[in-house]
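Student: Starting from these lines, generate the structure:
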Amino acid sequence: MENGSHNTGAPVSQSIVANVQLGLPATVSKLSNKMMFIDKIAPLLKNQGVIRTLDLIQPITINCAGISTAHRTTNAFGGVLYMSGAVRQDISIQEGSIYQTKQESIVDVDEIDDLDWQKKLKFIDMINAYKLLIETMEEKTLPKLIIMDVPLLLERSDTPLSDRMDIMKHYVLCKEIITKFWSNYKDKVYPFNKDGVKIASIGGKRFGAIFFALTNENLKYVPDPIGETIASELDQYMSKMQTVGIKRLLKGILVKRSRTAAFQFDGITNDNRMEPVSVRELGLMVMHMKAGYNTPPLLIEVLGNSSDWNSEMLDKLCAEIMTLITFDQAKALPIPLWYAKYALKPIEVRPGILEFYKSHAKEMLKNESLEVVWKEDLDIYDE
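Tutor: As a prediction, the model looks like this:
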């Protein structure tokens, strides 16, 4: 290395320190401005009916069920080994006390190629969940509420390319079982049957879609009473709302025991391509709710259109789900769904059943034991 003085530049540590010191005040100022905007617009949304507060049902008496799914994968044989499971947990609650529980389950272990394997497993999870739904609807005594953690319908983004035969097979099977369920059991499901089973899906997607429903042409798809001036008042804030971030805004305005106004998702979306088409025509109602201070906002999906539901019906459904979330924690779920998800823990253990399955598959391939079984009958004829 040559002697002498030369410019060595600025080490990364110095750049980090300088940028943190210079950038921190600007970042805090931006965040403060956004928080102030959320505080400003929250009262408007509440006064206009966009945000609704609810009361818990105490003590609650209800027969309910949760259907949860889980899967895990491992790379093997140039593809993917997977294990997928679904559990239905039934719970009978009388005056706030749990008296009876029952559990049903489905487990699927197999191999798939690694092309779009995440989508394949989504389809497999939905198929397993709907199989449990079909079993439930065939029983003599039905729960009043079933809560699922998979979507009720497929979306446009789920549609695979037609030339990908393997994933298309799973996609078609998924559409077929969804169609079969709603064709056979729609008349047993609320709100199509006022005494029917309430089936709701909960998740965390489509944050802020409610704001796209609050336009003059879309208000007909909102069954909740909304202020007449909400569209014009929100129009002046829309650019600022987009700058703040719809997801951050929604988290800021939803308080403990509250929900957003519901809206018919397939009505406000011009390019809606929910699948299957025959089920899409029933309508898909969507709303967000927040049960406690620490629980995150959750999306609730139910089938039906804006004429099938009214504010009172939606309030009761949301209150039932909120009441079943007994702990104010970040990962809290309605009791039956929490139990169902907990029952799926063995699938997630590493190393676990999937590694055992993989090792024995390797051993059988190495020993050619499967070929022996296949040729067994042929050997008998040879003798």
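
Student: can you count the residues close to residue 57?
Tutor: In terms of burial, residue 57 registers 15 neighbours under the definition other Cβ atoms under 10 Å. C-beta coordinates here come from the backbone N, C-alpha and C atoms, glycine included.

Student: Retrieve the pLDDT associated with it.
Tutor: pLDDT, residue 57: 93.

Student: So that it lines up with my notes, have the first residue be 57 from now on.
Tutor: Okay, using 57 as the starting number, the last item reads as residue 113.

Student: wait, is residue 108 part of a helix?
Tutor: No - secondary structure of residue 108 (DSSP: H, G, I helix; E, B strand; the rest coil): strand, not part of a helix.

Student: Who is it paired with across the strands?
Tutor: Taking DSSP bridges as the rule, residue 108 bridges to residue 315.

Student: contacting residues around it?
Tutor: With Cβ atoms under 8 Å, 6 or more residues apart in numbering as the criterion, the residues that contact residue 108 are 280, 314-317, 367, 371.

Student: Quickly check those for the two that are furthest apart.
Tutor: For these, the maximum inter-member distance is 13.9 Å, found between 314 and 367 (Cβ to Cβ).

Student: Counting neighbours, what do you get for residue 352?
Tutor: Using other Cβ under 10 Å, residue 352 is surrounded by 13 other residues.

Student: sorry, back to before: residue 314 and residue 367: who's more crowded?
Tutor: Taking other Cβ under 10 Å, residue 314 and residue 367 do not tie; residue 314 has more neighbours (19 against 15).

Student: Can I take it that residue 268 is in a helix?
Tutor: Yes - secondary structure of residue 268 (three-state DSSP): part of a helix.

Student: quick one: contacts for it?
Tutor: For residue 268, the set of contacting residues under the criterion of Cβ under 8 Å, 6+ apart consists of 274, 324.

Student: I'd like the distance from it to residue 287, if you could.
Tutor: As for residue 268, its distance to residue 287 is 11 Å (criterion: Cβ to Cβ, to the nearest Å).

Student: So what does the residue nearest to residue 245 when sequence neighbours are not counted look like in phi/psi?
Tutor: Of all residues beyond its chain neighbours, the one nearest residue 245 is residue 252 (4.8 Å), with distances taken as Cβ to Cβ, 6 or more residues apart in numbering. For residue 252, the backbone dihedrals (degrees, to the nearest 10) come out as phi -80, psi -180.

Student: Just the closest of the contacts of residue 108 to residue 195, please.
Tutor: residue 371 (28.4 Å).

Student: And the helix or strand encompassing residue 417, what's buried?
Tutor: For residue 417, the element it lies in under DSSP states H and E is helix 409-423. Within helix 409-423, the residues scored as buried using 16 or more other Cβ atoms under 10 Å are 410, 413-414.

Student: residues in contact with it?
Tutor: With Cβ under 8 Å, 6+ apart as the test, helix 409-423 has contacts from 128-130, 132-133, 137-139, 165, 402-403, 425-426.

Student: again, only using 7 Å
Tutor: The contact list for helix 409-423, computed with Cβ atoms under 7 Å, 6 or more residues apart in numbering, reads 128, 130, 132, 137, 139, 165, 402, 426.
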